[in-house]
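A.B. asks: Mind looking at a prediction? Sequence and model below.
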Amino acid sequence: MNCYVDVSSSEDDFFDDDDLDFQVHVDQRYPYNSQLTEEQKKEFRVKSFYMSLINGKVADVEAELDNGLNVNEKLQNNWTPILIAASIANYDLIQILHKKGADVTSTREAETTLMLACNCPEATSSFEESIKAIELLLQLGVNPNAVNKKRMNALMYAANNGNLEAVKLLLPVTDLKAEDNQHWNALFWAVCSGKVEIVTYLVDKGLSFDKIDVRGNTPLDVAKYNDFDNIYNLFLPKEDNNAFVLNLAHTDFESTFRDLQNNERPKFFSDIIKLLHGTR
């Protein structure tokens, strides 16, 4: 689910990162034979290794490592094997690479393996599989409170990705009040995902829907802008059966408010709040 707020920068936008499209085109001019130079052979091996990684071919990856390929080899655009394995949330690959000596704390442009695993879309790896990879990375000591260039942490990634189980796993070991560069906390990112269950969970854990970001917006505004009515309605005050109903015979607001009894409020109370908020 794309968020309405542009979180990109001119230099780094991991939500629209061409590098994340792991399409490797092996140069067909160099068939793997004895005519290749040593440099060309190495290039071919690295590209083949890259393809094995992104396709989750654990046996092929292990075979290449056993044949002497560096487990921390710098691949395309500074991706390392462990970063690729984390980005596709492949538990088996992460485990093998770690056993072979991969640095699980490595980063790429301040993004950790844990962030990448939390950001892995369900279409790439089911959330059931992703949670195994996330648990493993936590066990291996990856810092859940690390932040990227936008000051997002792994919890924010998981919330935005709609992965409730990852949110539940990370919450006890993460600073719940952490904010990114635009003063968004995990609740903002959960609203952005459109997942009611994550929003409800975070609110129950103490995050408030009246938090204000750098633009003066609240999670309520994010929900409204994206037409997430199921989330938007969660934030509205619940009307009780004795709520005052607007008397259509009144011709002005003054008459309406004059007739209110103690602790009563008009049905259009939430609209008033929004209007007042918009004039700030």
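C.D. replies: Everything's here; your move.

A.B. asks: Tell me the pLDDT of residue 3.
C.D. replies: The model reports residue 3 with a pLDDT of 60.

A.B. asks: Apologies, that question was intended for residue 221.
C.D. replies: For residue 221, the model assigns a pLDDT of 93.

A.B. asks: do residue 37 as well
C.D. replies: With respect to pLDDT, residue 37 has a value of 80.

A.B. asks: To what extent is it buried, counted in neighbours?
C.D. replies: 9 (other C-beta atoms under 10 Å). Every residue, glycine included, has its C-beta placed from N, CA and C.

A.B. asks: any idea where the strands of the protein begin and end?
C.D. replies: Along the chain, counting by DSSP state E, strands occupy 107-108, 111-112.

A.B. asks: okay, those strands, which one's buried deepest?
C.D. replies: Greatest average neighbour count among the strands of the chain goes to strand 111-112 (a mean of 24), per mean count of other C-beta atoms under 10 Å.

A.B. asks: Can you get me the centre-to-centre distance for stretch 89-107 and its chain?
C.D. replies: Computed by C-alpha atoms, centre = their mean, to the nearest Å, the chain-centroid distance of stretch 89-107 equals 21 Å.

A.B. asks: which residues sit in contact with residue 125?
C.D. replies: By C-beta atoms under 8 Å, 6 or more residues apart in numbering, the contact set of residue 125 is 88, 89, 90, 133.

A.B. asks: how many neighbours does the last one have?
C.D. replies: Neighbour count for residue 133, taken as other C-beta under 10 Å: 28.

A.B. asks: That one: what's its closest spatial neighbour, skipping adjacent residues?
C.D. replies: What sits nearest to residue 133 in space, not counting adjacent residues and going by C-beta to C-beta, 6 or more residues apart in numbering, is residue 89, at 4.2 Å.

A.B. asks: mind pulling up the phi and psi values for the one you found?
C.D. replies: phi 50, psi 50 (degrees, to the nearest 10).

A.B. asks: and the strands of the chain as a markdown table, adding distance to residue 38 and mean pLDDT?
C.D. replies: Converted to a markdown table, these look like this (distance: least, C-beta to C-beta, whole Å; pLDDT from 0 to 100):
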| stretch | distance to residue 38 | mean pLDDT |
| --- | --- | --- |
| strand 107-108 | 28 | 95 |
| strand 111-112 | 33 | 98 |
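
A.B. asks: Just send those back as TSV, with distance to residue 179 too.
C.D. replies: Formatted as TSV, the strands of the chain follow (distance: least, C-beta to C-beta, whole Å):
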stretch	distance to residue 179
strand 107-108	20
strand 111-112	18
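
A.B. asks: which parts of the longest helix along the chain are buried?
C.D. replies: Counting by DSSP state H, the longest helix found in the chain is helix 38-54. By neighbour count with 16 or more other C-beta atoms under 10 Å, helix 38-54 contains the buried residues 44, 45, 46, 47, 48, 49, 50, 51, 52, 53, 54.

A.B. asks: can I assume residue 88 is in contact with residue 124?
C.D. replies: Yes: at 5.5 Å, residue 88 counts as touching residue 124 under the criterion of C-beta atoms under 8 Å.

A.B. asks: if you count what's nearby, which of these two comes out ahead?
C.D. replies: Legend: neighbour count by other C-beta under 10 Å for residue 88 and residue 124, higher for residue 88 (22 against 14).

A.B. asks: how far away is residue 152 from residue 88?
C.D. replies: Distance, residue 152 to residue 88, using C-beta to C-beta, to the nearest Å: 20 Å.

A.B. asks: How about residue 223?
C.D. replies: Note on residue 223: its distance to residue 88, by C-beta to C-beta, is 30 Å.
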